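[1] quick one, fold the following:
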Amino acid sequence: MRKSTEKGSVLISVLILIIIVVLIMVAVASFITGGIQRTKATSSRLQALYLAEAGVDKAIEQLKEDWDTTFPTPWPSSSPSPSYLPFPTSSLSDKVGEYGFIIPPDKGSGERIIEGYGKVEIAGREEIIEKVTIAVKSSVLTFNNALFADGKINMGVLDNGEISGSPHIKGDVATNADDPGSVNLSWGAQIDGDLYVGPGANHLGPGVNSDYVVTIPENNPKKYITRDVKTLEEEEEIVYPSPEFPDYPTGLDERGNLEITNPATINENGYYESITVNGNTKLYINTGEENKERIILVKNFNLNQGHIILQGSGKLKLYVKNGFTMGTGDSTLNYGTSGEGDPAQVTLYYGGTGDFKLLGNVKINGTVVVNNAKVVIGGSAVLKGNLITGGDKEITIKEGSNSAEVRGVVYAPNAKVTLSNSGSVEGAVVCKEFSSFGVSPNETVISYNTSVIEATPFPADVLSSTGSGGISIASWQSESITTKQESETVQ
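    Numbers count the residues shown, from 1 in each chain. Reported below is the predicted structural model:
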């Protein structure tokens, strides 16, 4: 009987052990299955999040093309936002999922709230939806005034208070300055537009030595400012970012010294110790096809008397490290026989410390970027394009009875800009301080022109702080949304 009892006890123990092992295996299997499901869910959420970010990227692309765009178009007028998820805007892959986006209308704040959605199905039974909401701002440089100076503006008034000339500005003028005497207009000087000043107590009045922010010779404001003097609130202070001079390109083939006395052509990128063009010679530079760039780095550039002519629809980036000389004769850069060269095709970067001078009858079609050197444009020289510098050296556009001019934007937020005699700008001026003197009565020194401003875009490598394509992200947040699908009944 004892053996029978012992055998029964062993059998019961074995059965209990088997049950325990089975329960453990079931628990482990359940845990593994749950882990696999959780991994799938996590993977699906990540996929949905990536898709939602793709939707945001697509929305930003549309805003880059047109800041005023909305999606869907037309926007539902019955509610502040669409009552549906925007699927499918696009499908990246039938096996991955779909993404969509919503762009509400701009409410005038300069900020847009856009939503991106990503959707992934799990085994055909459940949808994982991720939503990404971002606030974006347009950081494209805008030039709404003929002249903006962060500090003082003297029109026909020298720094010592002496009266000299009667300059006119056609377009609005703005300054952040609010100290007495920050804006001085002489007899005959005129702003044909509005004048915006900092939040000073006394805005406009006669008397150079008065306590007024804006001083005019007599108590007749409309004679000097054709519209109104307006006050900027503190939160409206105008700020322009300082441009950054880019690094010089590296890895270029060294090509020694190039002296041109007969017509010649540059077909390749390269680094030159010097390039010299003499004797009214033509140097052709092949820029290649559209969206291509010809990159030339030169230590000393001497266009003593000659012409640089572009061939192709690509762009020329000309970096001058040390010395820049452009003769006072009829030398031209991308100007053509009748000034037909496209200014958007050329960017000239000058990193030298000596003065950057355009004198005589020289002409350039393109943007000039100066690191930190004094700029002098005189005689009948013409720069058809933008003049950009982040330095604090003065920019002077002047000279005798001829007309030296810039047709574009003079962008020098850290420097003083002076227009004297017949120096003029058609486009806009941004500077730290502004002065104009020695100007004949009724002569216009700055003429605001949006078509000229828009003709030549700013180089992206100089004003990188404006963000990608002029769109900057102010805030970002994500949200998970899970929806159950109706299960199908299997007969």
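[2] got the contact list for Pro459?
    246, 347, 367, 369, 388 (C-beta atoms under 8 Å, 6 or more residues apart in numbering). In this view, the C-beta of every residue, glycine as well, is placed from N, C-alpha and C.
[3] output those residues in a markdown table; the columns should cover secondary structure, pLDDT and neighbour count.
    A markdown table is the format used below for the contacts of Pro459 (DSSP: H, G, I helix; E, B strand; the rest coil; pLDDT from 0 to 100; neighbours: other C-beta atoms under 10 Å):
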| residue | secondary structure | pLDDT | neighbour count |
| --- | --- | --- | --- |
| Pro246 | coil | 92 | 18 |
| Thr347 | strand | 97 | 25 |
| Thr367 | strand | 97 | 26 |
| Val369 | strand | 98 | 26 |
| Ile388 | strand | 97 | 24 |
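[4] below-threshold pLDDT in the stretch 151-300 of the chain: ranges please.
    200-202, 205-210, 234-235 (pLDDT under 70).
[5] which one of the contacts of Pro459 sits closest to Thr42?
    Closest approach between those and Thr42, by C-beta to C-beta: Pro246, at 42.6 Å.
[6] from what I see, Thr456 and Gly385 are in contact.
    Yes - with contact defined as C-beta atoms under 8 Å, Thr456 reaches Gly385; the gap is 4.8 Å.
[7] which of these two has more neighbours?
    With neighbours defined as other C-beta atoms under 10 Å, Thr456 and Gly385 compare such that Gly385 has more, 28 against 23.
[8] surely that one touches Thr367?
    Yes - in this structure, Gly385 is within contact of Thr367 by C-beta under 8 Å, at 4.6 Å.
[9] need the residues touching each of these two.
    Contacts common to Gly385 and Thr367, judged by C-beta under 8 Å, 6+ apart, are 343, 346, 408, 456.
[10] and Gln62, which of the three is it?
    helix (DSSP: H, G, I helix; E, B strand; the rest coil).
[11] chain center to the longest strand along the chain: distance?
    Looking across the chain with DSSP state E, the single longest strand is strand 405-420. How far strand 405-420 lies from its chain's middle: 19 Å, per C-alpha atoms, centre = their mean, to the nearest Å.
[12] tell me the angle the following helix or strand past it makes with strand 405-420.
    For strand 405-420, the succeeding helix or strand toward the C-terminus, using DSSP states H and E, is strand 424-437. Computed by axes from the mean of the first three to the mean of the last three C-alpha atoms, to 10 degrees, the angle separating strand 424-437 from strand 405-420 equals 0 degrees.
[13] adjacent strands (with direction) for strand 424-437?
    Taking DSSP bridges as the criterion, strand 424-437 pairs within the sheet with strand 147-149 (parallel), strand 153-155 (parallel), strand 405-420 (parallel), strand 444-448 (parallel).
[14] which one of these lies nearest to Val132?
    Nearest of these (C-beta to C-beta): strand 405-420, 34.7 Å.
[15] got the CA positions of the closest one in PDB?
    The C-alpha trace of strand 405-420 is given here as PDB (Å, rounded to 0.1, in the frame of the first residue of the first chain):
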ATOM      1  CA  GLU A 405      23.700 105.200 -57.700                       C
ATOM      2  CA  VAL A 406      22.600 101.900 -56.300                       C
ATOM      3  CA  ARG A 407      19.500 100.200 -57.700                       C
ATOM      4  CA  GLY A 408      18.600  97.700 -55.000                       C
ATOM      5  CA  VAL A 409      18.900  97.500 -51.200                       C
ATOM      6  CA  VAL A 410      21.700  99.100 -49.300                       C
ATOM      7  CA  TYR A 411      21.700  96.800 -46.300                       C
ATOM      8  CA  ALA A 412      24.100  98.000 -43.500                       C
ATOM      9  CA  PRO A 413      22.400  97.600 -40.100                       C
ATOM     10  CA  ASN A 414      25.600  98.400 -38.200                       C
ATOM     11  CA  ALA A 415      27.000 101.200 -40.400                       C
ATOM     12  CA  LYS A 416      26.300 104.800 -41.300                       C
ATOM     13  CA  VAL A 417      25.100 105.500 -44.800                       C
ATOM     14  CA  THR A 418      25.800 108.900 -46.400                       C
ATOM     15  CA  LEU A 419      24.400 110.200 -49.600                       C
ATOM     16  CA  SER A 420      25.900 113.400 -50.800                       C
END
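[16] what is the mean pLDDT for that strand?
    Averaged over strand 405-420, pLDDT sits at 95.
[17] and stretch 163-183, which residues are buried?
    Using 16 or more other C-beta atoms under 10 Å as the test for burial, stretch 163-183 gives 163-178, 180-183.
[18] narrow those to those in strands?
    Among the buried residues of stretch 163-183, the members falling in strands (DSSP E) are 168-170, 173-175, 183.
[19] got the residues you listed as CSV, with distance to Ser422 columns?
    Output for these, formatted as CSV (distance: C-beta to C-beta, whole Å):
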residue, distance to Ser422
His168, 13
Ile169, 15
Lys170, 16
Val173, 20
Ala174, 25
Thr175, 25
Val183, 23
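[20] got a list of what Tyr272 touches?
    Contacts of Tyr272 (C-beta under 8 Å, 6+ apart): 255-258, 296-299.
[21] and those, which are buried?
    Buried members of those, counted by 16+ other C-beta under 10 Å: 255, 258, 296-299.
[22] among the contacts of Tyr272, which one sits closest to Thr133?
    Closest approach between the contacts of Tyr272 and Thr133, by C-beta to C-beta: Leu297, at 44.8 Å.
[23] run the chain-centre distance for the host helix or strand of that closest one.
    With secondary structure defined by DSSP H and E, Leu297 is part of strand 293-303. Mean-position distance between strand 293-303 and its chain equals 25 Å (C-alpha atoms, centre = their mean).
[24] list the contacts of the helix or strand just after it.
    Of the helices and strands lying after strand 293-303 in sequence (DSSP H and E), the nearest is strand 306-312. Outside strand 306-312, the residues that touch it by C-beta under 8 Å, 6+ apart are 260, 265, 277-289, 292, 294, 316, 327, 331-336, 341, 345-346.
[25] mark which of those residues are buried, thanks.
    Those of the contacts of strand 306-312 that meet the buried threshold are 260, 277, 281, 283-285, 287, 294, 316, 327, 331-335, 341, 345-346, by 16+ other C-beta under 10 Å.
[26] so which of these belong to strands?
    260, 277, 281, 283-285, 287, 294, 316, 332-333, 346.
[27] could you single out the nearest of the residues you listed to Tyr196?
    Val346 (33.7 Å).
[28] specify the beta-bridge partners of the closest one.
    Applying DSSP bridges, one finds that Val346 bridges with Leu316.
[29] OK, contacts around it?
    Here Val346 is in contact with 310, 315-316, 318, 333-334, 364-367, 385 (C-beta under 8 Å, 6+ apart).
[30] want to throw those residues into a markdown table with distance to Gly193?
    Shown next, in a markdown table, are these (distance: C-beta to C-beta, whole Å):
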| residue | distance to Gly193 |
| --- | --- |
| Leu310 | 37 |
| Lys315 | 35 |
| Leu316 | 36 |
| Leu318 | 36 |
| Leu333 | 33 |
| Asn334 | 33 |
| Ile364 | 29 |
| Asn365 | 28 |
| Gly366 | 29 |
| Thr367 | 26 |
| Gly385 | 24 |
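[31] identify, from these, the entry nearest to Asn304.
    In terms of C-beta to C-beta, no member of these lies closer to Asn304 than Leu333, at 12.8 Å.
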